[in-house]
Structure formats: C-alpha cells, structure tokens
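In: sharing a model that was predicted from the sequence below.
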Amino acid sequence: MLSAFVGIFTDGYTFRYMSNYNSDFATSEVARFLRSEFIRPILEYIIYLYYFIYFVIMPYYLIKTEQALFYFFKMFRRMFLIGLVLGLLDLLTSLVGFQFLGRDMLEKVYVGFRFHGLAGEPRDAFVYLFFAYCLFNLESIYKSGEFLNKKYTLSIIGLMLLTQSASGLLGVLIGGILILGLVFSQVSIKQLIYGFFMAVLVIAFVVVGVMSSDRILAYIEVTSLVYEALENEVPPPLIFYGQMNNIYPMWDMYVKAKNFNFFPLLFGSGFGSASVANNNWGSFIWMSELINPHSQVVRVLYETGIIGLVMYIVTFFKQVKIQTSMLSDSKQKFFMYTMLLLIGMSLAHRSTTIFIYTGILIMTMTMYRKKIALLANQKLKEN
C-alpha cells in the first residue's frame with residue numbers, strides 16, 4: 001500500500017498523453033471499467049492476492065492424501081511428456097521449413113528453430129522446463145529420498161538452451177547472483193569453493209546460450225542505439241520493439257532518480273503503474289494500450305521498489321528454507337539453490353510458476369514430515 005501512495009504523489013499513475021487507457025482496446029463495457037484509471041491499480045492488488053491464495057495456500061487444503069499427491073505428480077508428468085514430444089516434433093519439422101505448433105492457437109505466430117512445446121512463447125518454455133525439473137526432484141525426494149537422475153537433468157538443460165530465450169539466460173544470471181549472495185553470507189573455505197564452482201557453471205551456461213543464438217547476438221549489436229532513442233524520445237531500433245515494455249519503466253525510474261526523486265526507487269510507484277510508464281515513454285508504439293513488462297523483476301522493482309523486490313525474494317526463499325529443514329544439509333541446499341534459480345527465472349520473465357511451486361513444495365514437505373513421523377513410530381513399535 002505504501003508503494004501506491006508513493007505512486008500517487010510522484011505521478012506514477014499520471015498519463016502524459018491521455019487521461020485513461022484507450023477504449024478501442026476494450027471489448028465490452030466491463031473491460032472499459034476494469035481499464036479505468038482508478039480500478040486498474042486496485043485490480044492488480046486483487047490479482048496478486050488471488051495468486052497467493054489459489055496457488056500457494058489452496059494446494060495444502062486440496063491435496064490431503066498420499067494417493068492424491070501421487071495422482072498430481074502422475075498427471076503433471078503425463079502433460080509434461082505430451083508437451084515435450086510435440087515440442088520436439090515441432091523443432092524437427094522446423095528444420096525443413098514447416099511448423100505445426102504456433103506461439104498461440106489464434107494468431108499462429110511461428111517462432112523458428114526454438115523449443116517451446118505447448119508453453120506458447122519460448123521464454124515461457126524456459127521457465128516451465130526448470131519448474132518441471134524442480135517438481136520432478138520434489139517427487140523423487142518424496143518417493144525415494146534421492147534426486148532426479150542426471151540424464152534427465154542434462155536433457156532439460158539442453159531443451160532450455162534450445163529455447164534461445166534471452167530472458168531465460170537473464171533469469172539464470174539473476175538466480176546465480178542470488179546463490180552467490182547466499183553462499184557468501186555463510187562463508188567458509190568449502191562454501192567459497194562451491195560458490196566459485198556455481199559461478200563458473202552459471203557464467204558458462206549464459207555464455208553458451210548467448211553465443212549459440214543469432215537472435216540474442218542481433219540484440220547486442222544495436223544496444224547502443226536504444227540509449228539514444230530513450231534520450232531523444234524517438235522510436236528505438238525495430239528489433240527492440242518487443243523488449244521496450246521492459247526498458248521504459250526502468251528508464252522512467254532512472255529519470256526520476258536523476259532528478260533526485262528517490263522514493264520510487266526505494267518504494268516503487270504502486271501496482272499497475274508500470275503500464276502507465278510504458279504509455280508515457282512509448283506512446284508511439286502502444287498509445288493507450290494496457291502493456292505491462294514481460295520481465296517480472298522490472299515490474300516488481302518499478303511498482304514496489306528495491307524494498308519490495310527484496311521482500312518478494314525473501315518471501316519465497318524463506319518458505320523453502322522452513323519446509324526443507326528436516327532434510328540433510330546437502331538436500332536442503334539443493335532445494336534452496338534451485339528455488340533461487342526459479343526465483344531468478346520468474347523475475348526475468350513474468351511467470352506464476354514460482355507461486356505454484358511454493359504451494360506444491362509446502363504441501364509435499366508437510367506430507368513428507370508426516371510420512372517420516374509415521375515410519376519412526378512404526379520402528380519404535382517394532383523395537
């Protein structure tokens with residue numbers, strides 16, 4: 001709520017070129033009402049509350065038995081395999097110039113030689129693949145007490161690279177930085193060596209991903225022109241049009257801080273304000289259209305500030321630390337590191353997977369504790 005007040009008093013909700021979101025983009029009177037200047041920010045708060053209740057809290061109450069838990073994992077694995085097979089077929093056929101899986105069902109936008117399966121955007125597929133990896137390890141620990149086989153790990157990493165997702169690589173980098181922060185906060189010689197090893201792996205993954213993607217290299221070539229476009233408020237290079245919704249809010253924050261207005265940097269401009277910033281700076285691209293950043297880190301940082309971003313990360317990380325406390329030190333660290341990587345990926349590209357995984361983690365670990373307690377009681381009775 002503090003972010004909303006800061007946004008109101010620092011013009012975070014003030015449009016420069018219009019008074020509201022253009023009704024041309026609304027399909028009904030209800031849509032026009034929801035897009036109104038007053039209702040839209042309130043709706044953003046409701047959406048976040050919905051995510052938390054539906055994805056984080058509800059699994060605990062919906063999946064109460066081991067049979068229900070196994071059924072969930074079985075159905076998830078089945079749907080994952082269907083998406084995997086279709087995605088690989090689409091990838092193979094794209095080599096001969098034919099794709100049968102579009103980015104979406106309506107527009108039929110094709111993405112070229114990039115793995116995306118049924119996820120739609122390849123950048124969505126990147127996050128979903130790692131989300132699946134986290135869930136499969138959770139299932140494996142519950143059933144056998146061991147992690148997923150390494151061949152599955154390498155297969156998922158290979159598919160993630162085939163998405164050629166720049167935001168995915170950024171997510172790995174963010175996650176890697178968070179892991180290093182955790183390692184250095186509990187510093188010892190052994191942990192320093194482990195932290196260095198993790199840093200090398202993260203950097204190697206990012207470098208391989210960048211160098212193997214002509215698409216990402218094309219972005220890098222024209223990066224300098226983007227700054228000139230921002231300074232002069234003119235259209236950016238065409239290749240960057242799809243990324244400007246992530247850049248304009250950060251530019252707006254920079255301009256305010258440059259003018260000694262540091263409140264938005266610390267506390268944000270309020271939920272729903274990022275789309276206003278996009279319209280104010282990118283009016284020649286989206287005039288009056290409701291456009292939010294694809295990058296969650298941009299959205300969280302702009303709308304809730306540095307303080308809000310830190311709280312966002314700590315909220316999810318704290319849960320994995322609490323829920324896995326009964327595991328061995330090595331297993332707990334694995335879940336902590338994978339959670340930080342998933343946080344990084346969901347920050348780089350807006351995704352609800354971090355909410356879903358947190359809910360499933362809480363539910364699974366709660367049942368795992370009960371399972372351990374039951375086995376311990378049985379051993380006591382036998383003795």
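Out: Noted; the coordinates are in hand. Numbering: from 1, shown residues only.
In: point out where the chain drops to low pLDDT.
Out: Applying pLDDT under 70 to the chain flags the ranges 1-2, 17-27, 105-107, 186-196, 198, 210, 212-216, 218-219, 284-289, 382-383.
In: mind listing what residue 308 touches?
Out: Counting by CB atoms under 8 Å, 6 or more residues apart in numbering, residue 308 touches 3, 267, 268, 300, 301. Glycine gets a C-beta too; all of them are placed from N, C-alpha and C.
In: number of nearby residues for residue 165?
Out: 30 (other CB atoms under 10 Å).
In: backbone dihedrals for it, please?
Out: With angles defined as degrees, to the nearest 10, residue 165 sits at phi -90, psi 120.
In: wouldn't it be in contact with residue 129 here?
Out: No. Using CB atoms under 8 Å, residue 165 is not in contact with residue 129; the gap is 9.9 Å.
In: how close does the residue lying closest to residue 261 once chain neighbours are set aside get to residue 273?
Out: Counting by CB to CB, 6 or more residues apart in numbering, residue 10 is the residue found nearest to residue 261 once chain neighbours are left out, at 6.1 Å. Counting by CB to CB, to the nearest Å, the separation of residue 10 from residue 273 is 9 Å.
In: okay, these two: which has more neighbours?
Out: Neighbours were tallied for residue 10 and for residue 273 using other CB under 10 Å; the higher tally belongs to residue 273 (30 against 18).
In: give the contact list for the residue nearest to the more buried one when sequence neighbours are not counted.
Out: Leaving out its chain neighbours, the residue that sits closest to residue 273 by CB to CB, 6+ apart is residue 12, at 4.0 Å. When contacts are counted by CB under 8 Å, 6+ apart, residue 12 is found next to 6, 264, 268, 269, 270, 273, 276, 277.
In: give me the next element, helix or strand, following the helix or strand harbouring residue 78.
Out: Element membership of residue 78, judged by DSSP states H and E, is helix 66-94. As assigned by DSSP H and E, the chain's next helix or strand after helix 66-94 is helix 122-144.
In: and that following helix, what does it pack against?
Out: In terms of contacts (3 or more CB pairs under 8 Å, 6 or more residues apart in numbering; DSSP states H and E), helix 122-144 is packed against helix 66-94, helix 150-162, helix 166-185, helix 329-348, helix 353-382.
In: go through these and name the closest to residue 53.
Out: helix 353-382 (9.8 Å; CB to CB).
In: output the contacting helices and strands for that closest one.
Out: Packed next to helix 353-382, using 3+ CB pairs under 8 Å, 6+ apart, are helix 58-62, helix 66-94, helix 122-144, helix 296-323, helix 329-348.
In: CSV for those helices, including distance to residue 357?
Out: Converted to CSV, the helices and strands packed on helix 353-382 look like this (distance: least, CB to CB, whole Å):
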stretch, distance to residue 357
helix 58-62, 10
helix 66-94, 11
helix 122-144, 6
helix 296-323, 9
helix 329-348, 6
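In: of all these, which one comes closest to residue 281?
Out: helix 296-323 (11.8 Å).
In: give me the buried positions along that closest one.
Out: For helix 296-323, a neighbour-count test (16 or more other CB atoms under 10 Å) marks 296-305, 308-309, 312-313, 316-317, 319-320, 323 as buried.
In: how about stretch 170-182?
Out: Those would be 170, 171, 172, 173, 174, 175, 176, 178, 179, 180, 182, for stretch 170-182 by 16+ other CB under 10 Å.
In: go through those residues and name the one nearest residue 50.
Out: Among those, residue 171 lies closest to residue 50 (CB to CB), at 23.6 Å.
In: so who does the closest one touch?
Out: 126, 127, 341, 344, 345, 346, 347, 348, 349.
In: again, only using 7 Å
Out: Counting by CB atoms under 7 Å, 6 or more residues apart in numbering, residue 171 makes contact with 344, 345, 347, 348, 349.
In: I'd say the last one and residue 123 touch.
Out: Yes. In this structure residue 349 lies within contact range of residue 123 using CB atoms under 7 Å: 4.8 Å.
In: and these two? Which one has more around it.
Out: Higher neighbour count among residue 349 and residue 123: residue 123, with 28 against 24, using other CB under 10 Å.
In: and the residue nearest to residue 261, how far is that from residue 347?
Out: The gap separating residue 10 from residue 347 is 23 Å, by CB to CB.
In: same check, this time on residue 202
Out: In this view, residue 202 and residue 347 are 15 Å apart by CB to CB.
In: quick one: contacts for residue 264?
Out: 6, 10, 12, 253, 256, 305.
In: so the third one, which of the three states?
Out: Of the three states, residue 12 takes coil under DSSP: H, G, I helix; E, B strand; the rest coil.
In: can you report phi and psi for it?
Out: Dihedral angles (degrees, to the nearest 10) for residue 12: phi -70, psi -20.
In: element containing the residue nearest to residue 236 when sequence neighbours are not counted?
Out: Closest residue to residue 236 apart from its sequence neighbours, by CB to CB, 6+ apart: residue 229 at 4.0 Å. Taking DSSP H and E as the definition, one finds residue 229 inside helix 223-232.
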